[in-house]
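Asks: Sharing a sequence plus its predicted fold:
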Amino acid sequence: MSSSHLIRQSCRAIFRAIAAEQPAVVLVRNGRKVARCESYEISIEPGQIGVIPARVAFRIENQPAQGRYIASALLLDDTQFEQTSFPDGNPMRTSRDDRLVRAFERAATALDDPLTPSAIAEHSVRETLLWLAEEGIGFGPRRGLGFVDKLRTKLAAEPDTPWRSIEAARAMAVSEATMRRRLAKEGKTFGDLLADVRMTQALGLLQTTELSINRIALDVGYSCPSRFARRFRARFGITPSAIRSSDSRILSGSA
């Protein structure tokens, strides 16, 4: 099932090497979003809609205006999205076409309303994707999920689970040694991958919910809030509290 989120951020920050678990359609309401990867750059201005593909490592900068960055995002169900026949489209394009914006707003409203039947909500999402296609906007060529992509998805589904490498390997139906080798081919370790999945989810929760930082720490697998804060700062170069602080103007460090 797709979902809708309102994203808020008070400080200017750069988040390096962010790889979203789900493709997203983003409407910037206040401020500006700039996303860069090795292949391209996209800049979404106020009132514009753009897309962020899944599992692409982006350098993302959310630039507040008058101390506020506000955007709405439709997070697409990845499995359902992969099964659709929408054109690949250009992920670098943006649009403020009124018909697209209205379709986006209908989809967001439907997804946020628990009384809206799921079939109706998903129809609204598909309408938004069709209007994106009319504007030549899409998520680029689709690629198959690799081993690391599948492992990230599994960990992201249960970030608060006390994962150990042997349990993750069992969940992936491979030996622990095989999992280590496959991760090593991409320059990763299991511990680093797990921490990155948890921190990426924590960032999203900080921006899209009113949950306390302590609650978010627990939700992503950290029983000690101070350890969570240290790990978050090591990953993003910015503290969790600074994300929500209206007095902050901070550029984050590298991953």
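Replies: Great, that's in hand. Worth saying up front: this structure is predicted, and the values here are computed from it rather than measured.
Asks: Lowest mean pLDDT among the helices and strands, pick that one out for the protein.
Replies: helix 78-82 (a mean of 62; mean pLDDT, DSSP states H and E).
Asks: how about the helix or strand following that one: buried residues?
Replies: Downstream of helix 78-82, the next assigned helix or strand under DSSP states H and E is helix 98-112. Residues of helix 98-112 classed as buried: 100-101, 103-104, 106-108, 110-111 (neighbour count, 16 or more other Cβ atoms under 10 Å). (C-beta placed from N, C-alpha, C; glycine too.)
Asks: which strands and helices sit next to helix 98-112?
Replies: strand 3-9, strand 24-30, strand 49-52, strand 69-75, helix 118-134 (3 or more Cβ pairs under 8 Å, 6 or more residues apart in numbering; DSSP states H and E).
Asks: Next secondary structure after the last one?
Replies: Read it as helix 118-134. Defined by DSSP H and E, the subsequent element after helix 118-134 is helix 147-157.
Asks: How far off centre is that following helix?
Replies: Here helix 147-157 is found 14 Å from its chain centre; the criterion is Cα atoms, centre = their mean, to the nearest Å.
Asks: which residues are in contact with it?
Replies: Contact with helix 147-157 is made by 19, 21, 55, 78, 145, 163, 168, 171-172, 179, 182-183, 186, 188, 193-194, 197, 200-201, as judged by Cβ atoms under 8 Å, 6 or more residues apart in numbering.
Asks: just to revisit the earlier point, got the buried residues of helix 98-112 as a markdown table, with pLDDT and distance to residue 219 columns?
Replies: As requested, those are exported to a markdown table (pLDDT from 0 to 100; distance: Cβ to Cβ, whole Å):
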| residue | pLDDT | distance to residue 219 |
| --- | --- | --- |
| 100 | 98 | 33 |
| 101 | 98 | 32 |
| 103 | 97 | 32 |
| 104 | 97 | 28 |
| 106 | 97 | 30 |
| 107 | 96 | 26 |
| 108 | 96 | 23 |
| 110 | 96 | 26 |
| 111 | 94 | 21 |
